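Asker: here is my input; please provide its structure:
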Amino acid sequence: MAVGYPASGTMVAHAMVTTQFELDGFRVVRSFGVVRGIVVRSRSIVGTIGATLQTILGGNITLLTNLCEKTRADAFDLMLQHAAQLGGNAVVGARYDATEIMQGVTEVLAYGTAVFVEPIKQS
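Answerer: This is a model prediction of the structure:
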């Protein structure tokens, strides 16, 4: 393992992720390719009933909002772990995608390009 590469099992810092294709103040030294985090999740019967009741009342369906947010966060963290395992310390071009696999079961994919960056030296 080269100096500066994260140890296996760690993850890239959240601040080192961008939807842009470059990270401000850093230059890409090496690219490791596409990394991803995939989570497939279903609603529980309790969550489904609770969400149905919230739908009747109208407004924000907080049970589903919380489930979606947790699923996205889990997929994002898996992507960051994948990037670190490859030797990256940043992810550029980060994106999300979601697909309903079957009724009530959704796949959430977080993906981007793992890179190793270093600060741009100011003269």
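
Asker: which SS class is Glu22?
Answerer: coil (DSSP: H, G, I helix; E, B strand; the rest coil).

Asker: what sits against the residue nearest the centre of the chain?
Answerer: Per Cα atoms, centre = their mean, the C-alpha nearest to the average position across the chain is that of Phe76, at 1.6 Å. Contact analysis of Phe76 by Cβ atoms under 8 Å, 6 or more residues apart in numbering lists Val17, Gly37, Tyr96, Ala110. Where C-beta positions appear, they are placed from N, C-alpha and C, glycine not excepted.

Asker: list the buried residues of the longest helix along the chain.
Answerer: For the chain, the helix reaching the highest residue count under DSSP state H is reported as helix 62-86. The neighbour-count check on helix 62-86 (16 or more other Cβ atoms under 10 Å) flags 63-64, 67, 71-72, 74-86 as buried.

Asker: gap between Lys70 and Val17?
Answerer: 18 Å (Cβ to Cβ, to the nearest Å).

Asker: give the next helix or strand downstream of the longest helix of the chain.
Answerer: For helix 62-86, the following helix or strand on the C-terminal side (DSSP states H and E) is strand 90-102.

Asker: what comes up buried for that following strand?
Answerer: Buried, per 16+ other Cβ under 10 Å, within strand 90-102: Ala90, Val91, Val92, Ala94.

Asker: gap between the last one and Met11?
Answerer: Using Cβ to Cβ, one gets 13 Å for the distance from Ala94 to Met11.

Asker: how far off centre is the longest helix of the chain?
Answerer: 5 Å (Cα atoms, centre = their mean, to the nearest Å).

Asker: tell me the mean pLDDT over it?
Answerer: Across helix 62-86, the average pLDDT comes to 90.

Asker: nearest spatial neighbour of Asp24, chain-adjacent residues omitted?
Answerer: Nearest non-adjacent residue to Asp24, counting by Cβ to Cβ, 6 or more residues apart in numbering: Thr18, 7.9 Å away.

Asker: quick one on the thing from earlier: show me which of the contacts of Phe76 is closest to Phe116.
Answerer: For the contacts of Phe76, the residue nearest Phe116 by Cβ to Cβ is Val17; the value is 13.8 Å.

Asker: great, nothing more from me.
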